[in-house]
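Novice: Can you look at this prediction? I've put the sequence above it.
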Amino acid sequence: MHPDERSGARGTCAICGMAMVRMPPAVFKTYPVDLRVTPTLTGARLRLAVTHPATPRQRSGQAPLVRRFAIVHERPMHLFLVGDGLEYFAHEHPAPQRDGVFMLDVRLPRPGPYMAIVEFLPDGGTPQTFQQMFTTGEAFGRAATPAIDVAPRTVDGMRVSLDASRMKAGETNVLTFGIEDVASGAPVADLEPYLGASAHLLIVCADLTEALHGHPTEDGRGPAISFAPLVPRAGRYKAWIQFQRAGKVSTAAFVIEVP
């Protein structure tokens, strides 16, 4: 569930309590990803192929595809899509095919530039993050920087607030979300696990060059959910938090300025 939790002896994960399993020596190399995007009437079809960095190429000139992936947070591959201007967000899971590639059909609000952020863990490798811009028709351009927006918002009957006062570029600082029930005003303390964590957080800068995906510092059921992201540089960012309650996944978004 949490590949960054390591131990030299048998034990349990400090985050989720699952028993740790023995793993082979890791290959500390970047696994190339071939992302191909075909526009459709409703959005785009994404094709992703992962190749091994140390495998000789075949006669066709192509490196053999990686076919074995660890299941991390309940899926072999996680894909985030963010639209130009930080207006669009999606958290998807491409499906593995018999030929070794991953495929995903996604609905998009309009033609234009998007950023794909892909995470996976090849068997015998280390956690991989891949980012690539693509466009479904309109040319790349400089999007307007979104206005700062840290006001509490109501999502699916819950009021979500954000405390980003301790954020600072180049340092690991605490980013805390609070959740309460709108109808009763009571703190929400019955969140359910979502994809192997109590919540997921994606932070993307306004120019789409930086993206951070993280999980809470402690797994809990609310009402406070804290993360410790390391934002590399100052600037305007948008943060999406996803969590699950009563079987429904909710998403809340905020725009912050990191000094």
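Specialist: Received it, and whenever you're ready, just let me know what you need.

Novice: What segments of the stretch 151-259 of the chain are strands?
Specialist: Under the criterion DSSP state E, counting those that start in this stretch, the stretch 151-259 of the chain carries strands at the ranges 153-155, 158-163, 175-181, 200-205, 211-214, 224-227, 235-245, 248-258.

Novice: Which elements pack onto the third one?
Specialist: To tie it back to what came earlier, the one meant is strand 175-181. strand 158-163, strand 224-227, strand 235-245 (3 or more Cβ pairs under 8 Å, 6 or more residues apart in numbering; DSSP states H and E). (Glycine included, C-beta is placed from N, CA and C.)

Novice: Same list (those) but as TSV, adding mean pLDDT.
Specialist: As requested, those are arranged in TSV below (pLDDT from 0 to 100):
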stretch	mean pLDDT
strand 158-163	98
strand 224-227	96
strand 235-245	97
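
Novice: Include mean neighbour count when you put these into a markdown table, please.
Specialist: Putting those into a markdown table (neighbours: other Cβ atoms under 10 Å) gives the following:
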| stretch | mean neighbour count |
| --- | --- |
| strand 158-163 | 18 |
| strand 224-227 | 20 |
| strand 235-245 | 21 |
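
Novice: Rebuild the ones you listed as CSV, extending it with distance to residue 94.
Specialist: Rendered in CSV, the data for the helices and strands packed on strand 175-181 read as follows (distance: least, Cβ to Cβ, whole Å):
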stretch, distance to residue 94
strand 158-163, 28
strand 224-227, 25
strand 235-245, 18
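
Novice: quick one: which of the ones you listed is nearest residue 44?
Specialist: Closest of these to residue 44 is strand 235-245, at 20.0 Å (criterion: Cβ to Cβ).

Novice: Mind giving me the packing neighbours of that closest one?
Specialist: The helices and strands touching strand 235-245, judged by 3+ Cβ pairs under 8 Å, 6+ apart, are strand 158-163, strand 175-181, strand 200-205, strand 248-258.

Novice: Go through those strands and name the closest to residue 81.
Specialist: Scanning the helices and strands packed on strand 235-245 with Cβ to Cβ as the criterion, the closest one proves to be strand 200-205, at 10.3 Å.

Novice: okay, the angle between the closest one and strand 175-181?
Specialist: 130 degrees (axes from the mean of the first three to the mean of the last three Cα atoms, to 10 degrees).

Novice: thinking again about what came up before, and of the helices and strands packed on strand 235-245, who's closest to residue 43?
Specialist: Taking Cβ to Cβ as the criterion, strand 248-258 is the member of the helices and strands packed on strand 235-245 that comes nearest to residue 43, at 18.3 Å.

Novice: Would you mind getting the angle between the closest one and strand 200-205?
Specialist: For the pair strand 248-258 and strand 200-205, the angle between their directions (the same axes, to 10 degrees) equals 30 degrees.

Novice: Just want the most central residue of the protein.
Specialist: With the centre of the chain defined as its mean C-alpha position, the nearest residue by Cα atoms, centre = their mean is residue 213, 4.3 Å away.

Novice: partners of that one in the sheet?
Specialist: Applying DSSP bridges to residue 213 gives these bridge partners: residue 202.

Novice: measure it to residue 147 for me?
Specialist: With distances defined as Cβ to Cβ, to the nearest Å, the gap from residue 213 to residue 147 amounts to 24 Å.
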